[in-house]
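S.K.: structure here, sequence nowhere to be found:
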């Protein structure tokens, strides 16, 4: 449902069905609503059969990369005798994205169930759910749900009486955007600074504590029980015709729309329907200027591109951007693009873990150059300087944080160059005062 | 020097009382069963210190290092990596306000101004002279559809506009 708004007819409500229904939070309430049937079914299946179901459903990672979930699970070694781990990435920190928070707040047992199924499927006896430190309410709700799941025998050394061991441990982050990067997250659980690791080795070979590990996003795992109960074919049928993008996706919409919130739509839904129909369009008297559709790390789209885009993995690539985490930042004609891009660059400069020079220096210099432009001291040569910096920041570092900083700069200059020129040519009054 | 700062120095001068004794130590020890290494308890142990002491002092860093078999330098490296750990005392109520782009578009900067004015902090990153509040601007709190989110201690408050600030602060004496 369009939480916090009532469901809209254009939505396909699967994951968000119980958002706003506090009764769904308890173990008993979840069972009453059909919960834990997916886990019960899974525990009676061979792990390989569960992985085949995930592959057949077409489910792809909902955290940003869109990697096929079944394929990821199939990379885990078999019969290697080592402990395996499942890690759930609940470090939701991508600006514009606030969907995992609602899953944990309203349907904690959906996540626990998905984690338990995933753990069993990959041969892991323990799953760690890494929740960002600022999510105090989701943490409290998840803690209580885990406690209840142990008390009910759903988790533990004899999960649901199956003889299988499934443990879930919640691990609290402490304020670091970069810990949403999978290898940084694993370092953080290990009690280290959240520096991303060089890959390979990939997590399935050597991940958490050096052991074979699968890491999945909250929304991905929350979808798993539905697929097991209702079938891969059903999930696959939730599509607007693109067989590579199946199922539903929670889209977080924020910024200048009348009704910001989370909307669950079938992948392939036209962005225009979401923006104007479900979210009520722009504020009165305003028109759409730009959309950053996949969390702040993806290229900016113009109004024209956004209004003609389909909301799925391929549809947004076709328009030069990405679905990412589907955190949509909407800007109307009142938005100062130069200021907004500077603000994003400042975010990445603040969040750089600083181990790669291109990122540590690049994010800081990008921010300073943009601040200089906004203070009325920009030069025509700043365009080349910013683009050169962006080039050096793309595809050159251990993780993609610096690429993410470069993306809005490059797309912003290309699509909104006139706004930069207005500051540089002193046609627009400075909005920052630099010392 | 403000009263709050004087109080800070007074705290610093007192002999250090370990955090990990009795029930607190037992609580930590119990959690070792969930991890294959002691070091994995570093973030949880630091949270335990901050929950009990309000911030993480140098002696606390040394204590955590000893308990987990690490060096103080290593622990300090981790503490300073994460923005939520306080390495100095803060006000009785620690206020975090999001100013990242989505909230910025919806007026977060005005909310910051109102918070600074009504708390008496004057400037972001500082503590009010009465020691009641510390206000900091933070990056994305993950509630972009509910601009502007503000955290007061562990309380997460959505949709804080400048006009709501006085009533909000009144709830935190």
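M.R.: Now that the structure is in, tell me what you want to look at. Worth saying up front: this structure is predicted, and the values here are computed from it rather than measured. Numbering: from 1, shown residues only, chains lettered A, B, ... in the order given.
S.K.: just the helices in chain B please.
M.R.: If DSSP state H is used as the criterion, the helices of chain B fall at B:3-13, B:22-31, B:42-53, B:58-68, B:72-79, B:101-105, B:108-119, B:165-170.
S.K.: and these: which comes nearest chain A?
M.R.: For the helices of chain B, the distance to chain A is smallest for helix B:42-53, at 3.2 Å, taking CB to the nearest CB. To be clear about C-beta, it is placed using only N, CA and C from the backbone, and glycine gets the same treatment.
S.K.: the closest one versus helix B:58-68: what angle between them?
M.R.: 140 degrees (axes from the mean of the first three to the mean of the last three CA atoms, to 10 degrees).
S.K.: what mean pLDDT does helix B:42-53 get?
M.R.: Across helix B:42-53, the average pLDDT comes to 98.
S.K.: what's in contact with it?
M.R.: Helix B:42-53 has contacts (CB atoms under 8 Å, 6 or more residues apart in numbering or on different chains) with A:171-174, A:188-189, A:191-192, B:19-20, B:24, B:27-28, B:31, B:56, B:60, B:63-64, B:67-68, B:70, B:75, B:78-79, B:82, B:85-86.
S.K.: related to what we said a few turns ago, worst mean pLDDT among the helices of chain B?
M.R.: helix B:3-13 - the lowest mean pLDDT of those, at a mean of 51.
S.K.: mean neighbour count, the helices of chain B: which tops it?
M.R.: helix B:101-105 (a mean of 27; mean count of other CB atoms under 10 Å in any protein chain shown).
S.K.: would you mind listing the buried residues in the longest helix along chain A?
M.R.: The longest helix of chain A (DSSP H) is helix A:401-424. Across helix A:401-424, burial judged by 16 or more other CB atoms under 10 Å in any protein chain shown covers A:401-413, A:415-416, A:419-424.
S.K.: so is it next to chain B?
M.R.: No. Shown here: helix A:401-424 not in contact with chain B (CB under 8 Å from any CB of the partner chain), separated by at least 9.2 Å.
S.K.: ok so, going back, format the helices of chain B as CSV; extra columns: distance to residue A:290.
M.R.: Below are the helices of chain B laid out as CSV (distance: least, CB to CB, whole Å):
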stretch, distance to residue A:290
helix B:3-13, 43
helix B:22-31, 46
helix B:42-53, 37
helix B:58-68, 45
helix B:72-79, 38
helix B:101-105, 11
helix B:108-119, 18
helix B:165-170, 30
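S.K.: closest to residue B:152 out of those?
M.R.: Using CB to CB as the measure, helix B:165-170 is the one of the helices of chain B that comes nearest residue B:152, at 7.4 Å.
S.K.: quick check: which of the helices of chain B is nearest to residue B:91?
M.R.: For those, the distance to residue B:91 is smallest for helix B:3-13, at 7.2 Å, taking CB to CB.
S.K.: and the strands in the stretch 251-400 of chain A?
M.R.: Taking DSSP state E, counting those that start in this stretch as the criterion, the stretch 251-400 of chain A carries its strands at A:261-266, A:269-270, A:288-292, A:301-302, A:310-311, A:327-332.
S.K.: can you pull the contacts of residue A:401?
M.R.: A:178, A:181, A:196, A:348, A:351, A:352, A:353, A:359, A:363.
S.K.: count of residues packed around the second one?
M.R.: The local packing count at residue A:181 equals 25, with neighbours defined by other CB atoms under 10 Å in any protein chain shown.
S.K.: next: residue B:16.
M.R.: A count of nearby residues for residue B:16, using other CB under 10 Å, gives 12.
S.K.: isn't it up against residue B:61?
M.R.: No. Applying CB atoms under 8 Å, one finds residue B:16 not in contact with residue B:61, separated by 10.8 Å.
S.K.: CSV for the contacts of residue A:401, including distance to chain B and pLDDT?
M.R.: Putting the contacts of residue A:401 into CSV (distance: CB to the nearest CB, whole Å; pLDDT from 0 to 100) gives the following:
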residue, distance to chain B, pLDDT
A:178, 9, 98
A:181, 14, 97
A:196, 13, 98
A:348, 9, 97
A:351, 6, 97
A:352, 12, 98
A:353, 8, 98
A:359, 15, 98
A:363, 12, 98
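S.K.: buried ones from those, can you make that a PyMOL selection?
M.R.: Restricted to buried positions by 16+ other CB under 10 Å, the PyMOL selection for these reads:
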select buried, chain A and resi 178+181+196+348+351+352+353+359+363
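S.K.: which one of the contacts of residue A:401 is nearest residue A:128?
M.R.: Using CB to CB, residue A:181 comes nearest to residue A:128 of those, at 15.6 Å.
S.K.: these two touch, right, residue A:350 and residue B:140?
M.R.: No. Using CB under 8 Å, residue A:350 is not in contact with residue B:140; the gap is 10.0 Å.
S.K.: could you list which of the contacts of residue A:401 belong to helices?
M.R.: Counting by DSSP H, the part of these found in helices is A:348, A:351, A:359, A:363.
S.K.: hmm, which two among those residues are most spread apart?
M.R.: Using CB to CB, the two most remote members of these are A:351 and A:359, lying 9.8 Å apart.
S.K.: what about the helices in the stretch 201-350 of chain A?
M.R.: A:218-230, A:232-237, A:271-272, A:303-307, A:313-318, A:337-351 (DSSP state H, counting those that start in this stretch).
S.K.: using TSV, lay out those together with distance to residue A:388.
M.R.: Listed next are the helices of the stretch 201-350 of chain A as TSV, based on distance: least, CB to CB, whole Å:
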stretch	distance to residue A:388
helix A:218-230	37
helix A:232-237	45
helix A:271-272	32
helix A:303-307	25
helix A:313-318	25
helix A:337-351	15
